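Novice: this one's sequence-less:
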């Protein structure tokens, strides 16, 4: 696994709890709004885990936390943790058969990245591949949006997504891309096999080269009153369909 640069200040109850549960990062300390009668049981559980592991806790006033997180998405708790432990592309592609890998082609919104990660974990994907320079990084905002599910996934950040797609094909994965204009329906695609599913950027979709490298392009059938779906919403439809097909053939992962 490859670590990034400086430590992250992860925030939000689920994000902090899952970071502790996964154990992939070193948690240096916790930042917690001072106890009150309304302190949640979930924060109490986080504090119990910190006590067992000897993680120091700094109690702060709500105003200090609000200055660090103006949108108050912290939910009263944050954790200073080592950088996100990215995996190598090899580690993502070597998942158990049948493999299901998600690739993101220039998805730049951390909220979308986090939402897709949560969906990937929910529907049994083995990992995610993102573009290092042209995609959102695994920031605390992405971790929060994923409800901490990023901490349980293998995620690779690559410098050349096209080469990652080529590598997946050499490794025997069938690569499909989601394209709103594709004539082939998602529901006609067999998704029980080793597969990589590629989702394009929020604005322009798949890049031309990425689309050309795919073994096939599929679209989600929709009412004509709706032109397109947000990338994370589209991912929900596609990954749910993959999970449905795999469960039907007894190939779903526990």
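Specialist: Done, it's in. The structure displayed is predicted, hence computed values, not measured ones.

Novice: Could you list which residues are in contact with the most centrally placed residue in the chain?
Specialist: Nearest to the geometric centre of the chain sits residue 117, at 1.9 Å (CA atoms, centre = their mean). Contacts here follow CB atoms under 8 Å, 6 or more residues apart in numbering; on that basis residue 117 touches 128, 142, 145, 146, 149, 150, 153, 155. For glycine as for every other residue, the C-beta is placed from the backbone atoms N, C-alpha and C.

Novice: before we move on, which element is it in?
Specialist: Taking DSSP states H and E as the definition, residue 117 sits inside helix 110-122.

Novice: mean confidence score for that helix?
Specialist: Mean pLDDT, helix 110-122: 97.

Novice: Show me how far that helix is from its chain's centre.
Specialist: Offset of helix 110-122 from its chain centre (CA atoms, centre = their mean, to the nearest Å): 4 Å.

Novice: Tell me which stretches of the stretch 1-150 of the chain form strands.
Specialist: Assigned by DSSP state E, counting those that start in this stretch, the strands in the stretch 1-150 of the chain fall at 2-3, 8-11, 27-33, 57-60, 77-81, 85-86, 100-104, 127-131.

Novice: quick one on the thing from earlier: for the helix holding residue 117, buried residues please.
Specialist: Neighbour-count burial for helix 110-122, with 16 or more other CB atoms under 10 Å as criterion, is recorded at 110, 112, 113, 114, 115, 116, 117, 118, 119, 120, 121.

Novice: Give me the spatial nearest neighbour of the fourth one, chain neighbours excluded.
Specialist: Counting by CB to CB, 6 or more residues apart in numbering, residue 114 lies nearest to residue 145, which is 2.6 Å off, once chain neighbours are set aside.

Novice: How confident is the prediction for that neighbour, by pLDDT?
Specialist: The per-residue pLDDT reported for residue 145 equals 96.

Novice: And for the one 3 residues further on?
Specialist: Per-residue confidence (pLDDT) for residue 148: 97.

Novice: how about the closest residue in space to it that isn't next to it in sequence, what does it touch?
Specialist: In space, and not counting its chain neighbours, residue 148 is closest to residue 18: 2.6 Å by CB to CB, 6+ apart. By CB under 8 Å, 6+ apart, the contact set of residue 18 is 147, 148, 149, 151, 152.

Novice: same check, this time on residue 94
Specialist: By CB under 8 Å, 6+ apart, the contact set of residue 94 is empty.

Novice: From the contacts of residue 117, pick the one nearest residue 245.
Specialist: Closest approach to residue 245 among those (CB to CB): residue 128, at 19.9 Å.

Novice: show me the contacts for residue 221.
Specialist: Taking CB under 8 Å, 6+ apart, we find residue 221 in contact with 185, 186, 187.

Novice: so what's the second one closest to, chain neighbours aside?
Specialist: What sits nearest to residue 186 in space, not counting adjacent residues and going by CB to CB, 6+ apart, is residue 218, at 4.6 Å.

Novice: same thing with residue 129?
Specialist: Here the residue nearest residue 129, using CB to CB, 6+ apart, is residue 103, at 4.4 Å.
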